[in-house]
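A predicted structure for the sequence below; I have some questions about it.
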Amino acid sequence: MPVYEFRCGNCGERVEMLVRSFEEQEFPCPFCKGNSLKRVMSAFAYHRSEGDRLAGLDTHRPHDADYYRDDRNIGLWAKKRMKELGFDPGKEFDGVIEKTREKVADELGG
């Protein structure tokens, strides 16, 4: 049972709906109750590996708090900077970063 995204032609709201069959069906808009829902292309995500994120990270540019909302970025700057200075942080450092990420997630309720 796929989840499809629709936009209402009357009120413009977007809504995701679980559709139980592949046949075209008409659904009322849950916001305005109109019958003008049209299926739209949903957004998709592209997964970037840690290596990709490290390669694109500029250690000379400051990052704001939004950057660290993605907990995968915690420790990334330090790891990249160590490599730039010729120091291999090793697997032990990865463990420290992972524990820090878990602690932050717990504190934020994630």
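Sure, I can see it. Numbers count the residues shown, from 1 in each chain.

Domain-wise, how is the protein divided?
Structural domains annotated on the chain: 3-39, 50-107, as defined by automatic domain parsing.

Need those in a markdown table (columns: mean pLDDT).
Listed next are these as a markdown table, based on pLDDT from 0 to 100:
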| stretch | mean pLDDT |
| --- | --- |
| domain 3-39 | 89 |
| domain 50-107 | 89 |
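
can you redo those as a markdown table with mean neighbour count?
The way it works is simple: take the backbone N, C-alpha and C, and place the C-beta from them, glycine included. A markdown table is the format used below for the domains of the chain (neighbours: other CB atoms under 10 Å):
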| stretch | mean neighbour count |
| --- | --- |
| domain 3-39 | 13 |
| domain 50-107 | 12 |
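
And the strands in this protein, which stretches?
3-8, 14-18, 37-40 (DSSP state E).

In JSON lines: these, plus distance to Gly95.
Listed next are those as JSON lines, based on distance: least, CB to CB, whole Å:
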{"stretch": "strand 3-8", "distance to Gly95": "37"}
{"stretch": "strand 14-18", "distance to Gly95": "38"}
{"stretch": "strand 37-40", "distance to Gly95": "43"}
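
So which of those strands is nearest Asp88?
With respect to Asp88, and counting by CB to CB, the nearest of the strands of the chain is strand 3-8 at 43.9 Å.

among the strands of the chain, which is nearest Pro62?
Nearest to Pro62, of all the strands of the chain, is strand 14-18, at 34.4 Å by CB to CB.

now for that closest one, which elements pack on it?
On a contact count with 3 or more CB pairs under 8 Å, 6 or more residues apart in numbering; DSSP states H and E, strand 14-18 meets strand 3-8.
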